[in-house]
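[1] predicted model and sequence below, questions to follow.
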Amino acid sequence: MTLDDTAISHIAKIIQMAIITGTDIVDHLRMMKLDVNPNDSLKLILNDEYKEIHDNSISVMVENALTRRDEELGLNQTQEANIDNE
């Protein structure tokens, strides 16, 4: 059996996530769920439920990061406005 291109692509994504978050790549790989491709029994593909959960968690992480960035920028802008008013 071999990995389908989508599974290989997903491994690249979780390596990137591990680097960005400072987490252990092994933990991410252990959570990965694969199924046999119904169209090619020699290929492993990502489990649909796992893919949906993983994609949602990445979306939440990005949303949280953007919110935090916006909050920090808002604080910085408020601090700059206070300095300008002095």
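    Sure thing, it's come through. Source: prediction; values computed, not measured. Numbers count the residues shown, from 1 in each chain.

[2] which parts of this structure are helices?
    5-21, 25-31, 48-85 (DSSP state H).

[3] list the buried residues for the shortest one?
    Applying a neighbour-count criterion of 16 or more other C-beta atoms under 10 Å, one finds His28 buried in helix 25-31. Where C-beta positions appear, they are placed from N, C-alpha and C, glycine not excepted.

[4] OK, contacts around Lys33?
    Residues near Lys33 by C-beta atoms under 8 Å, 6 or more residues apart in numbering: Leu46, Asn47, Glu49, Tyr50.

[5] check Asp4 too.
    For Asp4, the contacting residues are Asn37, Asp40, Lys43, Leu44, Ile45, Leu46, by C-beta under 8 Å, 6+ apart.

[6] same thing with Leu29?
    For Leu29, the contact set (C-beta under 8 Å, 6+ apart) comprises Ile11, Ile14.

[7] how about Tyr50?
    Applying C-beta under 8 Å, 6+ apart to Tyr50 gives the contacts Met31, Met32, Lys33.

[8] pick out the residue closest to the middle of the chain.
    Closest to where the C-alpha atoms of the chain average out (C-alpha atoms, centre = their mean) is Ile58, at 3.7 Å.

[9] dump the residue contacts of the residue nearest to that one when sequence neighbours are not counted.
    Among residues not flanking Ile58 along the chain, Met17 sits closest, at 7.2 Å (C-beta to C-beta, 6 or more residues apart in numbering). Met17 sits next to Thr23, His28, Ile58 when contact means C-beta under 8 Å, 6+ apart.

[10] let me know the closest of the residues you listed to Ala12.
    Taking C-beta to C-beta as the measure, Ala12 lies nearest His28 of the contacts of Met17, at 11.4 Å.

[11] excluding chain neighbours, what is closest to the closest one?
    Using C-beta to C-beta, 6+ apart, the nearest residue to His28 is Ile14, at 4.1 Å.

[12] that neighbour contacts Met32, correct?
    Yes - counting by C-beta atoms under 8 Å, Ile14 does reach Met32; the two are 7.1 Å apart.

[13] in terms of neighbours, single out the busier of the two.
    Ile14 (18 against 15; other C-beta atoms under 10 Å).
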